[in-house]
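Colleague: The amino acid sequence is not available; the structure is as follows:
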């Protein structure tokens, strides 16, 4: 092994010279061995004709090997191309032996070339395979032992990538394919998944690398369910699309994605619905720098709009998404004009000017304040942005003769217990009322739950807490939420908007509700730790319950009533709900506008309670400014000097 280490430490040119010298010796040995086997006489070595013959054959063979790229192949990563070069090179060497022997009239027995070819294959090819095997089994025994789940093409590529580093070494494959059990692939034994616990115990492996990038999410979930009780860290390869495009390498292993835990397979989007409101049109996205807004922009860009207007209040968020989309458009060769526009949806004249100037045809309204506790603490701004921001944007769209207007709503708008949910339901009511008025704009709303990876998602928080050693904080033991990936949600929003006829409330199929404490436990175990609780006091990371935050619900819903019908898309439903006429709603909005202007929080609460939103708050008024004013008023009242009556 020390000799091999020395050999691999040589410079590339030196390695080639060594390979040429060794191959020359192998061809000489193969030739004389063939003669000895055939003639069984030591006298062959004294025949000068045979010496001349092999002296001519060896250089020709080496030149053929070089031409075929055998000496460009890296020995420790030798693959099919090198094997092909060896076979073709040996055949060419054998043919040259026959031709030179024929023209030099050497008395060469006919079977010698055949025996020579066999020996040459064994010496030239077999020794390379042996060295490669030694490298795989001997040199790479440093680093952390890991198990690779999946012995297919991706698994084999992963082994090759890991050999280049000293961080991990693969000591075993596990695969569901029974025909592979007991075999050895690239020096690594393949086992049944049923003995994975035994393998982990034997080698003290703390990581399993899931090498199945093309498997469906449901299949990956099945595997993760089996691995979860083992308290072993599970890492995965990047998605197959990233590997094929070259954006990621097989060595770029990462933590398990939470959408794999949910096991929900995204439905392939319908092209006709994706392009209906976008292709060759001017499209505007409000809140373009947010988690939903930015993903909408990415999906819209792929459908080749004429122009994409990015409307955003945050300068940094606008700068970031503008740069990203511009780079993507350049890479894909898309002729799309991207227009970064700063502004607030609370300034109707600004929104209208933008829409009219660029002749916007489709609007996706994603601008909103969505963090439940923050909106509870900033009531007036939540009402202003979510209700009146939507109203002003909708009125600007009508004035600019926008064709389609799609509101991004939330499951928290259903029987809301918080200001955020109530304001989003009021925004829905405003669009439903406006849709019955006479104009050219078609309004629709799309309602869905939490998205994985958004700025408000619990997943990044849990990852950070696990990395810091815990504890992982969950608000309540029984709290549940619906989850969906941001790309899937954005694609369904675009498709739902294309199906709208006016005033539609679309509801996305979010699958089954997920218990947050179970999600936290899964993340802990799949990170290689054990949950510390009453049953396992010696565990690694505890789960603590911090209590529900202001306005937070235990269970989210997607429908107000049961009057829901399916659509032509399997993941999109439409809800038939009670709404107000514009005349009725306008009175409520005028009162609400006045109350906000006067910072009259008691009046705001009363108006929202009387509006047909189903608002049922679980807390009192939580606005921080209002609470501070009350405290100051109480202190001033106590300190007030009351004059004596004479």
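Modeller: It's in. Every value quoted in this text rests on a predicted model; they were computed, and no experiment measured them. Residues are numbered from 1 along each chain as shown.
Colleague: care to break this structure down by domain?
Modeller: The record's domain parsing of the chain by automatic domain parsing lists 2-137, 141-256, 271-450+484-511+557-610.
Colleague: So which of these is nearest residue 535?
Modeller: domain 141-256 (13.5 Å; Cβ to Cβ). Yep, even glycine has a C-beta here, placed from its N, CA and C like the rest.
Colleague: quick one: that closest one to chain centroid distance?
Modeller: Centroid separation between domain 141-256 and its chain, computed with Cα atoms, centre = their mean, to the nearest Å, is 18 Å.
Colleague: Now that domain: average pLDDT?
Modeller: Average pLDDT, domain 141-256: 77.
Colleague: same deal with stretch 411-418?
Modeller: Taken as a whole, stretch 411-418 has a mean pLDDT of 85.
Colleague: before we move on, what about stretch 65-82?
Modeller: Mean predicted confidence for stretch 65-82 is 67.
Colleague: And that stretch, end to end?
Modeller: End-to-end span of stretch 65-82 (Cα to Cα, to the nearest Å): 10 Å.
Colleague: which residues of the stretch 101-250 of the chain fall in helices?
Modeller: For the stretch 101-250 of the chain, the helices defined by DSSP state H, counting those that start in this stretch cover 112-120, 127-134, 153-163, 196-203, 217-227, 240-245.
Colleague: got JSON lines for those, with distance to residue 319 too?
Modeller: Formatted as JSON lines, the helices of the stretch 101-250 of the chain follow (distance: least, Cβ to Cβ, whole Å):
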{"stretch": "helix 112-120", "distance to residue 319": "64"}
{"stretch": "helix 127-134", "distance to residue 319": "50"}
{"stretch": "helix 153-163", "distance to residue 319": "35"}
{"stretch": "helix 196-203", "distance to residue 319": "47"}
{"stretch": "helix 217-227", "distance to residue 319": "34"}
{"stretch": "helix 240-245", "distance to residue 319": "25"}
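Colleague: Please convert these to CSV, extending it with mean neighbour count and distance to residue 363.
Modeller: CSV is the format used below for the helices of the stretch 101-250 of the chain (neighbours: other Cβ atoms under 10 Å; distance: least, Cβ to Cβ, whole Å):
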stretch, mean neighbour count, distance to residue 363
helix 112-120, 20, 72
helix 127-134, 15, 60
helix 153-163, 20, 42
helix 196-203, 15, 52
helix 217-227, 17, 32
helix 240-245, 13, 30
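Colleague: Among those, single out whichever gets nearest to residue 526.
Modeller: That would be, of the helices of the stretch 101-250 of the chain and by Cβ to Cβ, helix 217-227, which comes in at 6.6 Å.
Colleague: got the angle for the closest one vs helix 196-203?
Modeller: Here the directions of helix 217-227 and helix 196-203 differ by 50 degrees (axes from the mean of the first three to the mean of the last three Cα atoms, to 10 degrees).
Colleague: and among the domains of the chain, the most buried is which?
Modeller: Highest mean neighbour count among the domains of the chain (mean count of other Cβ atoms under 10 Å): domain 271-450+484-511+557-610, with a mean of 20.
Colleague: distance between that one and the chain's centre?
Modeller: 25 Å.
Colleague: follow-up on the earlier one: of all the helices of the stretch 101-250 of the chain, which one is nearest residue 69?
Modeller: Short answer: helix 127-134, nearest of those by Cβ to Cβ, at 13.6 Å.
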